[in-house]
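Enquirer: got a structure for you, letters missing:
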C-alpha cells in the first residue's frame, strides 16, 4: 500500500465538546468546567455592548468591552 504509517484510531486526539452543537472547540481544565451553552449564546449582555462599541467607535477604542466579554466567556468555561 502507501508509505504512510498506520495509526491506532484510539491514539488519535479527539475534539473536546460535541460536534452536533456547533460550538467552539474547548479545552476544559477539569471535568466540571465544560460550558453549558454554545459560545454564541453565552454572555449576551457583554456581547451586545462589545458589538455596539465596535460598530460606533472601532475595535481599538473598545478594549474595555472586548476584555469584559472575554472574561465573561472564560467564567462560562470557554477557553478564549
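Expert: Here it is on my side, so go on. Given the structure is predicted, the values throughout are model-derived calculations rather than measurements.
Enquirer: Flag every buried residue along stretch 66-74.
Expert: Across stretch 66-74, burial judged by 16 or more other C-beta atoms under 10 Å covers 68, 69, 72, 73. C-beta here means a position set from N, CA and C on the backbone, and glycine is covered the same way.
Enquirer: can you list contacts of that stretch?
Expert: Stretch 66-74 is contacted by residues 39, 42, 43, 46, 47, 49, 50, 54, 59, 80 when judged by C-beta atoms under 8 Å, 6 or more residues apart in numbering.
Enquirer: what do you get for stretch 39-48?
Expert: Counting by C-beta under 8 Å, 6+ apart, 23, 24, 35, 65, 68, 69, 72, 73, 76, 78 sit against stretch 39-48.
Enquirer: With secondary structure added, can I get those residues in CSV?
Expert: Formatted as CSV, these follow (DSSP: H, G, I helix; E, B strand; the rest coil):
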residue, secondary structure
23, coil
24, coil
35, coil
65, helix
68, helix
69, helix
72, helix
73, helix
76, coil
78, coil
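Enquirer: pLDDT added to those, as CSV?
Expert: Formatted as CSV, those follow (pLDDT from 0 to 100):
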residue, pLDDT
23, 45
24, 49
35, 73
65, 97
68, 98
69, 98
72, 97
73, 96
76, 94
78, 95
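Enquirer: need the contacts of stretch 66-74 in JSON lines with neighbour count and pLDDT, can you?
Expert: Shown next, in JSON lines, are the contacts of stretch 66-74 (neighbours: other C-beta atoms under 10 Å; pLDDT from 0 to 100):
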{"residue": "39", "neighbour count": "20", "pLDDT": "91"}
{"residue": "42", "neighbour count": "20", "pLDDT": "94"}
{"residue": "43", "neighbour count": "22", "pLDDT": "96"}
{"residue": "46", "neighbour count": "18", "pLDDT": "97"}
{"residue": "47", "neighbour count": "18", "pLDDT": "97"}
{"residue": "49", "neighbour count": "17", "pLDDT": "97"}
{"residue": "50", "neighbour count": "22", "pLDDT": "98"}
{"residue": "54", "neighbour count": "15", "pLDDT": "98"}
{"residue": "59", "neighbour count": "12", "pLDDT": "96"}
{"residue": "80", "neighbour count": "12", "pLDDT": "92"}
